[in-house]
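Colleague: Coordinates for the following, if possible.
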Amino acid sequence: EARALLERILRPYEDACALCISHYEGHVFQRLGDGIVAFFGYPHAHEDEVERAIRSALEIIELLSNLDVPGVGHISVRIGIATGLVVVASGEKGAVGDTMNLAARLQSIAQPGSIVVSERVHRLAAGSFDFEDMGAQKLKGIEGPMRAYRILQVSQAASRFDAATQEELTPLVGREQEIGLLLDRWALAQNGEGQVVLLSGEPGIGKSRVLSELRERLERQGAHTLRFQCSPYHVNSAFWPSIDNIERALRFGRDETPESKLDKLEEWMVSYFGRPLSDVRFIAAIMSLPFEARYGALDLTPQKHKDETLRTLVDMAEAAARKQSSVMLFEDIHWSDPTTLEVLDLLIDRVRTMPLLIVL
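Modeller: Numbers count the residues shown, from 1 in each chain. Prediction:
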């Protein structure tokens, strides 16, 4: 059962670790004593292999910590992550190098239910996760003391750009024409002529920086900005950018009870935006908050349930814009899930009479 869970967790990353030494039939894992090794970055590399590894580790711990094995009880898992050069022998499905040894040694100093990473992993993922500095550690088989860090949680950075740019940015140069065009569209939106702008270009050309600069300028003018970050890890998760946006807006705590979250959601939708109480059910459902005891079950067909959820999200966006002129920023829209695109289709059909600017 534990093996099946691990395979399910790592399946979205299989293109990144297709070579992984296979003790099992799935060609994803290597068994090493009582441990399992998963490799990321070969044969297909991504710019964010470190983040992929950490996210899969967090999910492994979350799921296995709740797994009760008959005759054994709860499983304790601890994980070490390192990054660096290894030598790969594809014919033998093998990989060797100091990086593997370092990961194993980091795992050995991790407490059950925790993840410990190397200093290089920390440097590469510092903006995307919160860390606890464990100081210099003496690791068996590793020359000299090595600094180690424990993963606490996914960071509260609202976008991939925020996570990648923790330090103060240099002044923006050479994008005044693009910023000017967006500000012109914002002026029209403020007058009730809703606008939609698609900002496209090659990777690294500065799209996210333009959005960041626009957001800062509009917020200084008192605009209400709504940020939606699409993610390659959630392309199959329905309504993910909206869920993430709502969780950040309501500042849900890690250990907050579902009842408390539902209280916040109800206050936000009904008292602040003036939406009907019945609509709270649809947002609670996509956020996996139990609502039946408070509001009653949804006696709808799956299609009707989906249609009402889409309608509720669009109504919420309109309510926000009517309350205060707003800009909705959708970052990395190429990673959007299909349901989010459906929300956007409906919103774009309705936006022309709203005080709302949408930038994709």
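Colleague: and the nearest residue to residue 191 once chain neighbours are set aside, what does it touch?
Modeller: Using Cβ to Cβ, 6 or more residues apart in numbering and skipping the chain neighbours, the partner closest in space to residue 191 is residue 355 (7.5 Å). C-beta: built from backbone N, CA, C; applies to glycine. In this structure, residue 355 makes contact with 189-192, 194, 321-322, 325-326, judged by Cβ atoms under 8 Å, 6 or more residues apart in numbering.
Colleague: could you pull out the helices for this protein?
Modeller: 2-10, 49-64, 98-109, 119-125, 160-164, 176-190, 207-220, 240-250, 258-266, 280-286, 292-295, 302-323, 338-350 (DSSP state H).
Colleague: Number of residues surrounding the residue lying closest to residue 264 once chain neighbours are set aside?
Modeller: Of all residues not flanking residue 264 in the chain, residue 250 sits nearest, at 4.6 Å (Cβ to Cβ, 6+ apart). Here the neighbour count serves as a burial measure; for residue 250 (other Cβ atoms under 10 Å) it reads 17.
Colleague: Same check on residue 117?
Modeller: The criterion is other Cβ under 10 Å. On that basis, residue 117 has 29 neighbouring residues.
Colleague: May I ask which helix or strand of the protein has the lowest mean pLDDT?
Modeller: Every helix and strand of the chain was ranked by mean pLDDT, DSSP states H and E. The lowest is strand 30-32, at a mean of 51.
Colleague: Check the residue nearest to residue 191 and give its pLDDT.
Modeller: At residue 355, the pLDDT value in this model is 93.
Colleague: mind listing what residue 359 touches?
Modeller: Residues 182, 196-197, 199, 211, 214, 327-330 are the ones in contact with residue 359 under the rule Cβ under 8 Å, 6+ apart.
Colleague: Residue 206 and residue 199 touch, don't they?
Modeller: No. Residue 206 lies out of contact with residue 199 (Cβ atoms under 8 Å); the separation is 9.8 Å.
Colleague: If you count surrounding residues, which of these two has more?
Modeller: Here residue 206 and residue 199 are compared on neighbour count by other Cβ under 10 Å; more neighbours surround residue 199, at 20 against 17.
Colleague: Next, find the distance separating residue 250 from residue 64.
Modeller: Here the criterion is Cβ to Cβ, to the nearest Å. By it, residue 250 lies 29 Å from residue 64.
Colleague: And for residue 235?
Modeller: The spacing between residue 235 and residue 64, counted by Cβ to Cβ, is 24 Å.
Colleague: Give me the more crowded residue out of those two.
Modeller: More crowded of residue 235 and residue 64, by other Cβ under 10 Å: residue 64, with 19 against 15.
Colleague: if I read this right, the more buried one contacts residue 78, doesn't it?
Modeller: No. Shown here, residue 64 and residue 78 do not form a contact pair, counting by Cβ under 8 Å, at 10.5 Å.
Colleague: so how far is stretch 325-343 from its chain's centroid?
Modeller: Once both centres are worked out by Cα atoms, centre = their mean, to the nearest Å, stretch 325-343 turns out to sit 14 Å from its chain's centre.
Colleague: what's the span of it, first residue to last?
Modeller: 20 Å (Cα to Cα, to the nearest Å).
Colleague: Pull out the buried positions in that stretch.
Modeller: Neighbour counts using 16 or more other Cβ atoms under 10 Å place 325-333, 335-337, 339-340, 342-343 of stretch 325-343 among the buried residues.
Colleague: Mark which of the residues you listed are part of strands, please.
Modeller: Of the positions in these, 326-331 sit in strands, assigned by DSSP state E.
Colleague: Quick check: the farthest pair among the residues you listed?
Modeller: In those, two members sit farther apart than any others by Cβ to Cβ. They are 326 and 331, at 16.1 Å.
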